[in-house]
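**Q** next comes the sequence, and after it the predicted model I'd like to discuss.
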Amino acid sequence: MADKTSEPIAGVKDADLAEVVRGIAALPSSQEGDAERFAREVRAVVEKRAQSGWSNEGSDDVAAFVLVEYPRAVGARFGGTRVLDLIATQAPVLGRVFFLGRDASNGMVISFPTSNPAEILDWLEYNGLGECAVILVYRDQKLMVTRKAGIASEARQDSIRDTAPTATLAELLEALTFFHRTKLLIPSSCPDGVWEPGRENQYVPGPHPEKCIQRELSTVLRSWFRGVVRAEMEDSTDIGRIDVRLLRADEGPLYYWAIVELKVVKSTRNAPTGKKASSVSVGENAKAVAEGVLQAHAYRANRQADEGLLEVYDLRREKSLDMFKHRTVEKALARCNPVPTHNTRPIFGSASHAREAGYV
Amino acid sequence: MSSSGERDGAELLSDSEIGVIRRRARIIMLLDAAERVGIAPLNAARLHAFTYLADVLSPVWDLPPFDGKILKTEGGPHYPDIQQEIDRLVALGLVEVSNLRYLNRPNGGARLDCDYGLRLKSTHLSDILSALGASERGQPLDPRDKDVHAFLVDLAGALAILPNDQIERAATVDATYADTRIGDTNIVDFASWTGDAVKANLSVRAAQRFSAFLPRDSRLSPGEKLYLYASYLGKRINGR
């Protein structure tokens, strides 16, 4: 039954199905874990309010969103009231604590239980909710602080945007820069697998750093462009594999708007602690980048996408050599028309190296 | 196992008793999914609508429907045998009733209605949910129930994108239930006796057909198909 898509269906208008599909970027994503999915939806709830000037809000500044297994049961413990369709409506959120399911739209709400909003994490812990994913929203600072694995877990900060994202190359580059700065720059913010554990400052990468970066980038782009662009991971084509593809719908059907090819350049290959990591030569790195250039160009043409991008993540210890000036890469660039938009993003094996390079 | 009896010292359950247990388990799993996405408690009509949509859309997740047929009625899906077990689960203290009220009937008189949710304070519920694959805290009796539970949570989440009072209406505009070739008081058979379950289940065909409107090689997950189908039902309800 899975591939039965070709025939129109009695009583079901194709035009209706097509219109629904065009809205797919605004639906909850089933490609992430519950906590990430929750964060994406809370961001949509909050930014919807920010973009309307917080019109239904009072003087409160902070809101808390807590992902719980059973919203009704948790809310009932604290005398909460039911909240429905949080995404679709403009119900006020500030000065409130929400206990919600993973799509952050339905659940229970209570007034802030602590006079000082900063004490909410302690309150959650005291009440046995310390291990729940929690997001604190600060209107004045335009800030959303996400702790995906509970109050003691790493706090991720996202800005609350006053204007809705748009599908432009400039905005995509902004999102890619944000991803690099917040998710990759230093080991403590890097996703697992980019570096070999314990060997970051020796610049030994993990076994499959591209895969880890790709997965995290897809998540960030899905959140950044929610409602505007659908980000999909990996695509096997007859000419190779596209790393990240971005689909959008304007007036017509969904189409490939941009494809993003990822490459990693590195000083060494992967090796576990205690084993010598073998070196990767400049020529090998140049070959990888040149291949990325040609892939980004070919995939863009193959998918008739508006934009083709190549992101090169530089895990080398010594980063002074510009890979795009290497003769092999220059030859590849010369074969492309249009030339893919390309950037090199340095990733450091220690925070001090990033600081020395002027980043932190 | 066609009748109750004893074999090798073990008490055997009859088909009827097994049916009762299966229906009770199904209700608990449906309500658990509704609780998790924040749409519980559900009134009776909403719960029956969810029950029906879970049956008709099971193949989207490559799962067999719990019941492959339903009597089509003007008011929307209603399963008398499920309702009977809901009431028994209330008596057993596993399901709780709230918002008990009279609803006027269109032709005079009134009927009782109420909202149903899991009685999460029950000391038995945690073990039952574990056995049914609806909890991370234990192993299910049947490992496949984990998939069933994941499907139900996804479907409940998909239906939750509709305004709450539209969930029962969603079932009445469902492609299979609303098939005009099947009149009221006739059986809607999408998997029980039909010779061609693919052809008979218009809902699944619609959910699969979304892929036809994506660019080449783009794919939808089963969960995304459910969310898109729920959006489609919302569109039909609101005529947008």
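**A** Thanks, I have it. Residues are numbered from 1 along each chain as shown, chains lettered A, B, ... in the order given.

**Q** OK, contacts around the closest residue to chain B within the stretch 101-250 of chain A?
**A** Across the stretch 101-250 of chain A, the shortest distance to chain B (Cβ to the nearest Cβ) belongs to A:N106, at 3.1 Å. C-beta coordinates here come from the backbone N, C-alpha and C atoms, glycine included. Residues near A:N106 by Cβ atoms under 8 Å, 6 or more residues apart in numbering or on different chains: A:71, A:83-86, A:100, B:37-39, B:160, B:164.

**Q** now render those residues as JSON lines, adding neighbour count.
**A** Formatted as JSON lines, these follow (neighbours: other Cβ atoms under 10 Å in any protein chain shown):
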{"residue": "A:P71", "neighbour count": "27"}
{"residue": "A:V83", "neighbour count": "21"}
{"residue": "A:L84", "neighbour count": "16"}
{"residue": "A:D85", "neighbour count": "14"}
{"residue": "A:L86", "neighbour count": "24"}
{"residue": "A:L100", "neighbour count": "27"}
{"residue": "B:V37", "neighbour count": "25"}
{"residue": "B:G38", "neighbour count": "30"}
{"residue": "B:I39", "neighbour count": "27"}
{"residue": "B:A160", "neighbour count": "26"}
{"residue": "B:N164", "neighbour count": "17"}
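
**Q** please, where are all the helices along chain B?
**A** B:15-36, B:44-57, B:80-91, B:125-131, B:144-159, B:167-172, B:197-200, B:202-209, B:222-238 (DSSP state H).

**Q** equivalent analysis for chain A, please.
**A** A:14-22, A:34-51, A:71-77, A:120-126, A:169-179, A:209-224, A:282-302, A:327-334, A:351-356.

**Q** measure how far the shortest one is from the centre of its chain, please.
**A** Averaged C-alpha coordinates place helix A:351-356 at 24 Å from its chain's average position (Cα atoms, centre = their mean, to the nearest Å).

**Q** domain ranges for chain A?
**A** Under the assignment automatic domain parsing, the domains of chain A span A:31-159, A:169-356.

**Q** would you list those in CSV and tack on mean pLDDT and distance to B:A156?
**A** CSV is the format used below for the domains of chain A (pLDDT from 0 to 100; distance: least, Cβ to Cβ, whole Å):
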stretch, mean pLDDT, distance to B:A156
domain A:31-159, 95, 9
domain A:169-356, 93, 21
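
**Q** who wins for proximity to A:P8 among those?
**A** With distances scored as Cβ to Cβ, the stretch of those nearest to A:P8 is domain A:169-356 (16.0 Å).

**Q** got the residues of the stretch 251-360 of chain A near chain B?
**A** Proximity of the stretch 251-360 of chain A to chain B (Cβ under 8 Å from any Cβ of the partner chain) is limited to residues A:253-256, A:303.

**Q** now restrict the residues you listed to buried residues only.
**A** Among those, the ones that count as buried by 16 or more other Cβ atoms under 10 Å in any protein chain shown are A:254-256, A:303.

**Q** the residues you listed in strands, which ones?
**A** A:255-256 (DSSP state E).

**Q** now the buried ones among the residues of the stretch 251-360 of chain A next to chain B in TSV, with distance to A:Q51?
**A** Below are these laid out as TSV (distance: Cβ to Cβ, whole Å):
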residue	distance to A:Q51
A:L254	24
A:Y255	26
A:Y256	27
A:R303	31
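
**Q** how about the buried ones among the residues of the stretch 251-360 of chain A next to chain B, which pair is most distant?
**A** Between any two of these, the greatest separation by Cβ to Cβ is 11.9 Å, found for A:L254 and A:R303.

**Q** now do the shared contacts for these two.
**A** Here A:L254 and A:R303 share the contacting residues B:P215, scored by Cβ under 8 Å, 6+ apart.

**Q** residue contacts, B:P64?
**A** B:58, B:191.

**Q** which residue is nearest the middle of chain A?
**A** A:V220 (0.8 Å; Cα atoms, centre = their mean).

**Q** for A:R199, see how far away the nearest residue to that residue once chain neighbours are set aside is.
**A** Leaving out its chain neighbours, the residue that sits closest to A:V220 by Cβ to Cβ, 6 or more residues apart in numbering or on different chains is A:F179, at 4.7 Å. Distance of A:F179 to A:R199, given as Cβ to Cβ, to the nearest Å: 23 Å.

**Q** what do you get for A:K148?
**A** For A:K148, the distance to A:R199 - Cβ to Cβ - is 26 Å.

**Q** next one: A:E125
**A** 35 Å.

**Q** so which bits of the stretch 51-200 of chain A are right by chain B?
**A** So the stretch 51-200 of chain A meets chain B at A:69-73, A:83-85, A:87-88, A:100-103, A:105-108 (Cβ under 8 Å from any Cβ).

**Q** just the residues you listed: which are in strands?
**A** Residues of those located in strands (DSSP E): A:83, A:100, A:107-108.

**Q** correct me, but A:A88 touches B:P163?
**A** Yes: counting by Cβ atoms under 8 Å, A:A88 does reach B:P163; the two are 7.3 Å apart.

**Q** sorry, back to before: what sits against the residue nearest to A:V220?
**A** A:216-217, A:220-221.

**Q** same list (these) but as TSV, adding distance to B:Y52.
**A** As requested, the contacts of A:F179 are exported to TSV (distance: Cβ to Cβ, whole Å):
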residue	distance to B:Y52
A:E216	40
A:L217	40
A:V220	39
A:L221	37
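
**Q** most neighbours, which of these?
**A** With neighbours taken as other Cβ atoms under 10 Å in any protein chain shown, the top of these is A:L217, carrying 25 neighbours.

**Q** quick one: that residue and A:V244 touch, right?
**A** Yes: here A:L217 reaches A:V244: they are 5.9 Å apart, a contact under Cβ under 8 Å.

**Q** who touches both of the two?
**A** By Cβ under 8 Å, 6+ apart, A:L217 and A:V244 have these common neighbours: A:260, A:262.

**Q** now do the most centrally placed residue in chain B, the pLDDT please.
**A** Nearest residue to the geometric centre of chain B (Cα atoms, centre = their mean): B:T51, 1.9 Å. Here the pLDDT value assigned to B:T51 is 97.

**Q** could you do B:R240 as well?
**A** Listed pLDDT for B:R240 reads 61.

**Q** for B:M1, same thing?
**A** Here, the pLDDT recorded for B:M1 equals 42.

**Q** the one 4 residues further on too?
**A** With respect to pLDDT, B:G5 scores 51.
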